[in-house]
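Peer 1: got a predicted model here, sequence first, then my questions.
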Amino acid sequence: MVQKAPRKSAAKTTHHVSAQVIKDLHERMVRIRLFETEAGKLMEAGKLPGFLHLYVGQEAVAAGVMAALRDDDQITSTHRGHGHAVAKGVGFREMYSELYGRVTGACLGRGGSMHINDLTRGMLGANGIVGAGVPIAVGAAFAARYKGEDNIAVTFFGDGATNIGAWHEGANMAAILDLPVVFVCENNGYAEFTPQSAHMLITDVADRAAAYGMPSVIVDGMDAVAVHRAATEAVERARSGAGPMMIEAKTYRFFDHQGVKGLRHPYRSDEEVAEWKSRDPIGLIETRAVADGTATRAELDEVWQRTRDEIAEAIAYAESSPLPDPADMLLNVYSG
Amino acid sequence: MTLTTEAPAGVPVAAARRLSYVKAFNEGLAQAMREDENVFVAGEDVAGYGGVFRMFDNLLDEFGPRRMIDTPISEAALVGLGVGAAARGLRPVVDLMFMDFIGVCLDQIVNQAAKMKYMFGGGLSVPLTITTASGAGLGAAAQHSQSLEAWLAHVPGLKVVMPSDAYTAKGLTVSAIRDDNPVVVMLNKVLLGSTSEVPEEIYGIPLGQAHTARQGSDVTVIALGRMVGEALAAADELAAEGVEIEVIDPRTVQPLDTETMFASVRRTNRVLVVHEAVTFGGLGAEIAAQIQDVVFDYLDAPVLRIGAPFSPVPFSPVLEKAYVPDRARIAQGCRRLLERS
């Protein structure tokens, strides 16, 4: 079945978005796009062990939400977590090093792609278990309120995760404890290879929030500005003590569930993929920025080039970094 | 390694009180909460009701709803709440009521709490305490009576303690809360009302340190949780027959203090391991294997294991009584070991 790209945002938020925010959203998306495409090339070249779940296509969601957060706000991510980490400010060096399994990696080579974290940036980790980050974000939000701090937590999850018990338990727990959590559904239409229509009978995942007394909004997940507006409202709401809120961003992943290619059983039509790619989130924001004078083409190109240079340096750093020593196998199994 | 696990020096014997297991737990928890503002309790019916086993009695009165939180019946979110809060610097105590319910939240325990520090490169700790009641003996049947310590002890990153009396219920609980790792405190349901001498002040019992509950020269009995009392009773019975058994209470099953066991085996040359969990794949198998790895040459007979049959815990009292190992089976096991040589 062909899933149609949403034609407009259903969000009714009206926050003003400045030229500076547009540029910020653009840069965050470019950083994700280039990190991911280069990682994909490294995987295809056989340089990276393990799995790689690429985020390309969904950049508007991570960028839009993260641009609404402070550094001390916490996020929990998914197995498709690179985009969230990059947008939250985790460095390229430690991310690539982790993909290479080097000791200089974000997890000292113990976690890999699915467990990248950076506590100094409020990144409480990508997670290999679908839905598992939801209750953990609830706990992070609980800790903020317990300590009297005003940071909030955002939990990212896919459409498929909302069929997991932990998701429902976490949503209800956040609602009943009235915690500062923002639930962000990245609905890319597929749970791995299974289309949404085959795993839930509802069209809008946001409907599930209603069951827990949680307000929700649906946005065009290819439009970073729309996502950012909704996120700003949800974040302000949470920070002010008004409780959790859910954002459903309708989006799409351009690559496969895992890796770059290798569709043994095509589960998406070429037409469907092409339709979504025609609404590339970076293309959308660049076209708009140039048209309304927010940025010149040269300014936008400079962002791409600067990021390319930074990535080339980070990959070289990762490749020249030492591997972990097997003698340190038991490092960090326990504290103390 | 010292084995100082009795009342701390300076406490006059005359001042020792007897306290029930559940009240000792409650007192240790309350003292740990007074000691550290970051300790809070979350669980089903823990605050307003005080816990179905009265484990949390009076804590709401003292600590209020900020630190005593009644949650929905949502074990996955409950443990996840603890993981997230612990990762952010709090010291959560989350209660799972009956140990059997861990199946509902095993992902949060096994894949999240236990692995977070390791997978994330060591940048954080997860000082989470999970309290729960385990064990058969109350006619609660197969979904409310299990001893699942082997499931948890198998998982790197977790610690598991099994208090065998009121004294250890308090000290191990305090140590679990003070520990920077996820620790599961397995309280035994049948022991809740049992009493022993318990100092009034706060004290911890070192995790990973076994206690020799009784010294003897003929057989080493390594007993987990409630089985410690049964083993001590069996020791009294055997002493009348001129047989002296040594009873070792590991107290912590992960990490497991095997050195104390090995030292005992070198003295007695015979070992019986007893737990109320099913024998197959239980801790007894691990302990027996380690003993045979290290002190095989000291053994006069193969290591004997006593546990439950490979069956769910039955309901009918006659069946349940036959299911759980007791002093008679332990004494019989010791006699069998002695007959081997």
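Peer 2: Cool, got the structure.
Peer 1: identify the bridge partners of residue B:306.
Peer 2: For residue B:306, the residues forming beta bridges with it (DSSP bridges) are residue B:274.
Peer 1: helices or strands next to the strand or helix carrying residue B:84 in the packing?
Peer 2: Secondary-structure element containing residue B:84, defined by DSSP states H and E: helix B:75-87. Using 3 or more C-beta pairs under 8 Å, 6 or more residues apart in numbering or on different chains; DSSP states H and E as the contact criterion, the secondary-structure elements in contact with helix B:75-87 are helix A:133-146, helix A:165-176, strand B:39-43, strand B:91-98. C-beta: built from backbone N, CA, C; applies to glycine.
Peer 1: from the middle of its chain, how far away would stretch B:66-83 be?
Peer 2: Taking C-alpha atoms, centre = their mean, to the nearest Å, the mean C-alpha location of stretch B:66-83 is offset from the chain mean by 22 Å.
Peer 1: quick one: buried residues of that stretch?
Peer 2: Buried residues in stretch B:66-83, counted by 16 or more other C-beta atoms under 10 Å in any protein chain shown: B:67-71, B:74-83.
Peer 1: same question for stretch B:150-159.
Peer 2: Residues of stretch B:150-159 classed as buried under the neighbour-count rule (16+ other C-beta under 10 Å) are B:150, B:151, B:152, B:153, B:155, B:157, B:158, B:159.
Peer 1: can you pull the contacts of the last one?
Peer 2: Under the criterion of C-beta atoms under 8 Å, 6 or more residues apart in numbering or on different chains, the contact partners of residue B:159 comprise A:334, B:176, B:179, B:181, B:182, B:183, B:184, B:207, B:208, B:252, B:254, B:255.
Peer 1: ramachandran angles for it?
Peer 2: phi -120, psi 150 (degrees, to the nearest 10).
Peer 1: and for it, nearest residue in space, chain neighbours not counted?
Peer 2: residue B:183 (4.3 Å; C-beta to C-beta, 6 or more residues apart in numbering or on different chains).
Peer 1: show me the beta-bridge partners of the one you found.
Peer 2: Counting by DSSP bridges, residue B:183 forms beta bridges with residue B:129, residue B:159.
Peer 1: and it, what does it touch?
Peer 2: With C-beta under 8 Å, 6+ apart as the criterion, the residues that contact residue B:183 are B:128, B:129, B:130, B:158, B:159, B:160, B:161, B:175, B:176, B:207.
Peer 1: so can I have a markdown table of these showing pLDDT and distance to residue A:235?
Peer 2: As requested, those are arranged in a markdown table below (pLDDT from 0 to 100; distance: C-beta to C-beta, whole Å):
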| residue | pLDDT | distance to residue A:235 |
| --- | --- | --- |
| B:128 | 98 | 27 |
| B:129 | 98 | 32 |
| B:130 | 98 | 32 |
| B:158 | 98 | 35 |
| B:159 | 98 | 37 |
| B:160 | 98 | 40 |
| B:161 | 98 | 41 |
| B:175 | 98 | 40 |
| B:176 | 98 | 36 |
| B:207 | 98 | 41 |
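Peer 1: derive a ChimeraX selection command for the buried subset of those.
Peer 2: What follows is the ChimeraX syntax selecting those of the contacts of residue B:183 that are buried according to 16+ other C-beta under 10 Å:
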select /B:128,129,130,158,159,160,161,175,176,207
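Peer 1: quick check: strands, which of the contacts of residue B:159 are part of them?
Peer 2: B:183, B:184, B:252, B:254 (DSSP state E).
Peer 1: farthest pair within those residues?
Peer 2: Using C-beta to C-beta, the two most remote members of the ones in strands among the contacts of residue B:159 are B:184 and B:252, lying 10.5 Å apart.
Peer 1: of the two, who's got more company?
Peer 2: Taking residue B:184 and residue B:252 together and counting by other C-beta atoms under 10 Å in any protein chain shown, residue B:184 has the greater number of neighbours (29 against 25).
Peer 1: ok, that one touching residue B:153?
Peer 2: No: under the criterion of C-beta atoms under 8 Å, residue B:184 is not in contact with residue B:153, lying 9.2 Å apart.
Peer 1: what touches both of the two?
Peer 2: Residues touching both residue B:184 and residue B:153 (C-beta under 8 Å, 6+ apart) are residue B:160.
Peer 1: surely residue A:230 touches residue A:248?
Peer 2: No: the pair residue A:230 and residue A:248 does not pass the contact test of C-beta under 8 Å, sitting 9.3 Å apart.
Peer 1: ok, and the closest non-adjacent residue to whatever residue of the stretch 151-300 of chain B ends up closest to chain A?
Peer 2: When scored by C-beta to the nearest C-beta, the stretch 151-300 of chain B has residue B:180 as its residue closest to chain A, at 3.7 Å. By the measure of C-beta to C-beta, 6+ apart, the closest residue to residue B:180 outside its immediate chain neighbours is residue A:335, 3.7 Å from it.
Peer 1: now residue 114: closest residue in space, sequence neighbours ignored.
Peer 2: Let's take chain A. Going by C-beta to C-beta, 6+ apart, residue A:114 has residue A:128 as its nearest residue, at 4.2 Å.
Peer 1: not what I meant, chain B
Peer 2: Spatial nearest neighbour of residue B:114, chain neighbours left out: residue B:157 (3.3 Å); criterion: C-beta to C-beta, 6+ apart.
Peer 1: over to residue B:134?
Peer 2: With C-beta to C-beta, 6+ apart as the criterion, residue B:134 has its nearest non-adjacent residue at 4.0 Å, and that residue is residue B:99.
Peer 1: was I right to think the one you found contacts residue B:150?
Peer 2: No: with contact defined as C-beta under 8 Å, residue B:99 does not reach residue B:150; the gap is 11.9 Å.
Peer 1: the closest residue to chain B within the stretch 151-300 of chain A and residue A:138, how far apart?
Peer 2: Scanning the stretch 151-300 of chain A for the residue nearest chain B gives residue A:169, at 3.5 Å (criterion: C-beta to the nearest C-beta). Computed with C-beta to C-beta, to the nearest Å, the distance linking residue A:169 and residue A:138 is 9 Å.
Peer 1: for the two, indicate the residue with more neighbours.
Peer 2: For the pair residue A:169 and residue A:138, the greater number of neighbours falls to residue A:138 (34 against 28), based on other C-beta under 10 Å.
Peer 1: please give me every residue in contact with that one.
Peer 2: Residues in contact with residue A:138, defined by C-beta under 8 Å, 6+ apart, are A:153, A:155, A:170, A:173, A:174, A:177, A:179, A:181, B:77, B:80, B:81, B:84.
Peer 1: burial of the residue nearest to residue A:114, as a residue count?
Peer 2: Neighbours of residue A:128 under the rule other C-beta under 10 Å: 20.
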